[in-house]
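K.L.:
Have a look at this prediction, sequence included:
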Amino acid sequence: MEAITELTNWGVDLIDVRKTYAKSIQALRGVNIQVGRGEIFGLLGPNGAGKTTLVKIMMTVVKPTHALGTILGRPIGHRGKLQRIGYLPENHRFPGYLTGGQVLDHYAALAKVSRRQRRERAATLLERVGMSKWAQTRVDHYSKGMLQRLGIAQALMNDPELVVLDEPTDGLDPVGRRDVRELLLELKRRGTTVFLNSHLLSELELVCDRVAILVDGHVARQGRLEELTEQTLEYQVTCSGDTQAIQSKLAAMGAGMEGTIIKMRGHDVNKVNELIDLLRGAGVAIESVEPHRFSLEDILVQVLADHSSVPDAVPVARPTG
């Protein structure tokens, strides 16, 4: 069985993950998430959605109420595969009496990285995250941003197949966030699978191949960014003139009026042309026609609005692959 699971195309394949805390608090309610090998995958959702709980279950920090699936082709918690995972927890803490170099050496030793490799990788990674000159400084003298850079370096010390990063850009300034994005793309080019949990949707939008939206312990949506935005393109027609006489026709076409802007959802250019013909026929002047694709934030807001209207949301179907 293990030889078969090793051949899976999924770097992470989580099936029916559930977690119920004391007093019947359901943090996760049957989560299915699949992450392809060598891709950057983003987990997003509002506070309290269960994102960090899911990450901790993947890393065996939290015991699930129920969970099936594999990580790197082996059951969740497989010791050999845990050594091939790099992990940056949210709000991580390092012993303040250790220097940056000692932190990297210590955590790499826990992952059974050889002493020679620890020395080489520590020097390389400290340089990569811009922390070389702080290698011999105790971490209790580090700023939050410096600790975050060190934490990312720590997660890469075992040359992992999978990197799990919980809020990796927390505490970083714009330059630091850009550096992290570039590093993540480097990891992807090397074939490393990256699993990100972040509330900074603009950051996820710039690097992720696929994302999952977690709401109230359920996966509300999952897929490639272009798939999630497929139904969230609209054309905005700015016009001037009296549209009162054609309001019923606009409504029949699925167009909505906001001030001087008419909005029409979808990708059908023919419907946009019909709208333009209708406006011209009514003597309405058209000032501009612009396509507008929703951002990841727009999609999340829409998902939350849809979810709030459903008493008990049903988990999405599991993709094949």
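P.N.:
Sure thing, it's come through.

K.L.:
Please count neighbours and contacts with C-alpha atoms only from this point.
P.N.:
Noted.

K.L.:
what's the domain layout of this structure?
P.N.:
2-228, 233-293 (automatic domain parsing).

K.L.:
Buried residues of stretch 92-104, list them for me.
P.N.:
By neighbour count on 16 or more other Cα atoms under 10 Å, the buried set for stretch 92-104 is 98, 99, 100, 101, 102, 103, 104.

K.L.:
could I get it in CSV with only the CA atoms?
P.N.:
C-alpha atoms of stretch 92-104 as CSV (Å, rounded to 0.1, in the frame of the first residue of the first chain):
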residue,chain,number,x,y,z
HIS,A,92,6.8,31.1,16.5
ARG,A,93,9.3,31.4,19.4
PHE,A,94,13.0,30.6,19.6
PRO,A,95,15.1,30.4,22.8
GLY,A,96,16.3,33.9,23.4
TYR,A,97,19.8,32.8,24.5
LEU,A,98,20.6,31.2,21.2
THR,A,99,22.1,33.1,18.3
GLY,A,100,20.6,33.0,14.8
GLY,A,101,23.2,30.5,13.7
GLN,A,102,22.6,28.3,16.7
VAL,A,103,18.8,28.3,16.1
LEU,A,104,19.3,27.0,12.6
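
K.L.:
CSV please, covering the buried residues of stretch 92-104 and showing distance to residue 14 and pLDDT.
P.N.:
Converted to CSV, the buried residues of stretch 92-104 look like this (distance: Cα to Cα, whole Å; pLDDT from 0 to 100):
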residue, distance to residue 14, pLDDT
98, 36, 96
99, 37, 97
100, 34, 96
101, 35, 96
102, 34, 97
103, 31, 97
104, 30, 97
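
K.L.:
tell me which of those residues is nearest to residue 188?
P.N.:
Nearest to residue 188 among the buried residues of stretch 92-104, counting by Cα to Cα, is residue 104 at 22.1 Å.

K.L.:
just checking, the closest one touches residue 157?
P.N.:
Yes. If you go by Cα atoms under 8 Å, residue 104 and residue 157 touch, sitting 6.9 Å apart.

K.L.:
nearest residue to residue 292 other than its sequence neighbours?
P.N.:
residue 234 (5.3 Å; Cα to Cα, 6 or more residues apart in numbering).

K.L.:
That neighbour: how many residues sit nearby?
P.N.:
Residue 234: 20 surrounding residues under other Cα atoms under 10 Å.

K.L.:
cool, and residue 79?
P.N.:
Residue 79, neighbours per other Cα under 10 Å, totals 10.

K.L.:
State the distance from it to residue 51.
P.N.:
Separation of residue 79 from residue 51 (Cα to Cα, to the nearest Å): 23 Å.

K.L.:
Ok, residue 62 next?
P.N.:
Taken as Cα to Cα, the span from residue 62 to residue 51 is 12 Å.

K.L.:
Looking at the two, which is more packed in?
P.N.:
Of the pair residue 62 and residue 51, residue 51 is the one with more neighbours under other Cα under 10 Å, namely 24 against 14.
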